[in-house]
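*Asks:* Quick one, what's the 3D model for this:
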Amino acid sequence: MRAKIISVAVLLFGCYASVKIINRNSVKPVSEKPKDFAMVIPEDKKDDEELPCVFMTVMNEQPSEGFAKVKRDAKIDEKIAQGENWLVQAQNKDGGWGAGSHAMQNVRDPHAVSSDPATTAMTAMALYRVGYNMESGKHSDVLRKSLDYLLAEIEKTKNNPDYITEVRGTQIQRKLGENIDAVLTLQFLNQIYPTLKNENLKDKVKDAIQVCINKIEKSYDGNGKVKGAGWAGVLQSSFASSGLENASKNKDVKVDSDKLKKSRDYQKSNYNSENESVKSEDGAGIMLYAVSSSVRGSAKESQEAKEIIAKAKSEGKLDRNAPLNKDNLKKAGVSDEQAEVYEVADKVYNSAKVKAVQNDVMSGFGNNGGEEFLSFLQTGESMIVNKDDEWRKWYDNVGGKIISIQNNDGSWNGHHCITSPVFCTATCLMILSIENDIKNLQ
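*Replies:* Here you go, the predicted model:
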């Protein structure tokens, strides 16, 4: 027991490790530590010590008609309003937001760090989810400026074969992966593309989507894993998969279906539903990251399988009590290969979702860090993607935790790994306002 406690302590302190070199385009440091910063970074930690962290995924899926909702109370709406106002005030003059340098995780002033695409996309998605849009209404200019920033970053790096930004060494890149900027930006662009009315702007966004797709696909290895991973690389791969999955619905862009299939297979391979064993090597050794990633990776295919079985029952091809399995999927007209894929996905989803909400798994490192917020969100969104009514129980549990730890100024911040108040506030807002995406996407 003592050894376990010591190991966890070492892991937590390791999250504060710094990079030795951040190029001249990296997030700018500040000369003075913000007065409200309460964390202490051990001076005796070496630069090459590193530790795990996580990330999230964005829903962007079509829920079923009349899907069950939770009833938010006034207290949660008040917390959301405080958080969104804080984010609006935190926007930089260039239209972006920044998480800050991996080497300066103690910086909590949002204007003391340079903008980066990953944090900007995450924040813009959060504001979109709470109800903003770029065409009109409150703070539409805030979202438009964020889009202009992202398009400018992509344009500046059009000759860069790997990345959509020259900004390197950010918290998000070091913890989630070197290509996380392209992954999150693709998620945001997927979200806004169908809503745009200006044809010229729509063409620019379409081209930017294709750039992100190309760079993400180029970064896959032969197993469907995104290369250049951070400590929680399994999550970067999960988010990339969901981004490509949603982009594939857009007839104006091209997604490699073989790479998308391999990425899904990789996510499912991290969890064995038969013995509930978790392969956490690519998730910094943390079960929470690997399980939430597997839930997300299997959610869409599990839902597709359920719809096929339901349709077959309504057409009289299957008995109304027939279970979802390979044989019944084949009777419903699915090929042998695809039936096996669907059966595995459904087993992984239903087993992993249970484990993902167990207290011992949800505890993560045992305190509130950016990785906990992101993993919670990934699990909740997966339940909605699968049209799983149990998401309401998830919301009551996680929503209560989130509102109890909000800072007095309306923000949230992590206590290890991803400490950025901008990134953490955006993630928490996406958790608390997740119901809005059900309504908006129906």
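*Asks:* Run through the stretch 201-350 of the chain and note the low-pLDDT ranges.
*Replies:* Within the stretch 201-350 of the chain, the ranges that satisfy pLDDT under 70 run 224-225, 228-235, 267-298.
*Asks:* can you give me the strands for it?
*Replies:* Assigned by DSSP state E, counting those that start in this stretch, the strands in the stretch 201-350 of the chain fall at 271-272, 277-278.
*Asks:* So, low pLDDT: which residues of the stretch 1-150 of the chain?
*Replies:* Applying pLDDT under 70 to the stretch 1-150 of the chain picks out residues 1-72, 105.
*Asks:* hmm, try it at 80
*Replies:* Filtered on pLDDT under 80, the stretch 1-150 of the chain yields the residue ranges 1-74, 102-108, 135-138.
*Asks:* In it, mark out all the helices, start to finish.
*Replies:* Here the stretch 1-150 of the chain has its helices, by DSSP state H, counting those that start in this stretch, at 2-14, 74-90, 117-130, 140-156.
*Asks:* Give me the buried positions along the second one.
*Replies:* To tie it back to what came earlier, the one meant is helix 74-90. Buried residues in helix 74-90, counting neighbours by 16 or more other Cβ atoms under 10 Å, are found at 76, 79-80, 82-84, 86-87, 90. Yep, even glycine has a C-beta here, placed from its N, CA and C like the rest.
*Asks:* what does the last one give?
*Replies:* Buried residues in helix 140-156, counted by 16+ other Cβ under 10 Å: 142-147, 149-151, 153-154.
*Asks:* just checking, what packs against the helix or strand just after it?
*Replies:* Once the chain leaves helix 140-156, the next helix or strand it forms, by DSSP states H and E, is helix 171-176. Applying 3 or more Cβ pairs under 8 Å, 6 or more residues apart in numbering; DSSP states H and E, we find helix 171-176 packed against helix 117-130, helix 180-192, helix 233-247, helix 370-385.
*Asks:* roughly how far apart are Val334 and Asn328?
*Replies:* Applying Cβ to Cβ, to the nearest Å, the value for Val334 to Asn328 is 9 Å.
*Asks:* picking up where we left off before, okay if I get the helices and strands packed on helix 171-176 as JSON lines plus distance to Glu343?
*Replies:* Shown next, in JSON lines, are these (distance: least, Cβ to Cβ, whole Å):
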{"stretch": "helix 117-130", "distance to Glu343": "33"}
{"stretch": "helix 180-192", "distance to Glu343": "28"}
{"stretch": "helix 233-247", "distance to Glu343": "19"}
{"stretch": "helix 370-385", "distance to Glu343": "18"}
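*Asks:* Redo those helices as JSON lines? Include mean neighbour count.
*Replies:* Listed next are these as JSON lines, based on neighbours: other Cβ atoms under 10 Å:
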{"stretch": "helix 117-130", "mean neighbour count": "28"}
{"stretch": "helix 180-192", "mean neighbour count": "28"}
{"stretch": "helix 233-247", "mean neighbour count": "28"}
{"stretch": "helix 370-385", "mean neighbour count": "28"}
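*Asks:* So which of these is nearest Ile209?
*Replies:* Closest to Ile209 of the helices and strands packed on helix 171-176 is helix 180-192 (Cβ to Cβ; 4.8 Å).
*Asks:* Measure how the closest one sits relative to helix 117-130, angle-wise.
*Replies:* 30 degrees (axes from the mean of the first three to the mean of the last three Cα atoms, to 10 degrees).
*Asks:* Please put the alpha-carbon coordinates of helix 180-192 into PDB.
*Replies:* Listed next in PDB are the C-alpha coordinates belonging to helix 180-192 (Å, rounded to 0.1, in the frame of the first residue of the first chain):
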ATOM      1  CA  ILE A 180      -3.700  17.400 -31.400                       C
ATOM      2  CA  ASP A 181      -4.000  20.800 -33.000                       C
ATOM      3  CA  ALA A 182      -5.200  19.300 -36.300                       C
ATOM      4  CA  VAL A 183      -7.400  16.800 -34.500                       C
ATOM      5  CA  LEU A 184      -9.300  19.400 -32.400                       C
ATOM      6  CA  THR A 185      -9.400  21.900 -35.200                       C
ATOM      7  CA  LEU A 186     -11.000  19.300 -37.500                       C
ATOM      8  CA  GLN A 187     -13.600  18.700 -34.800                       C
ATOM      9  CA  PHE A 188     -14.600  22.400 -34.700                       C
ATOM     10  CA  LEU A 189     -14.600  22.800 -38.400                       C
ATOM     11  CA  ASN A 190     -16.800  19.800 -38.800                       C
ATOM     12  CA  GLN A 191     -19.200  21.400 -36.400                       C
ATOM     13  CA  ILE A 192     -19.500  24.800 -38.000                       C
END
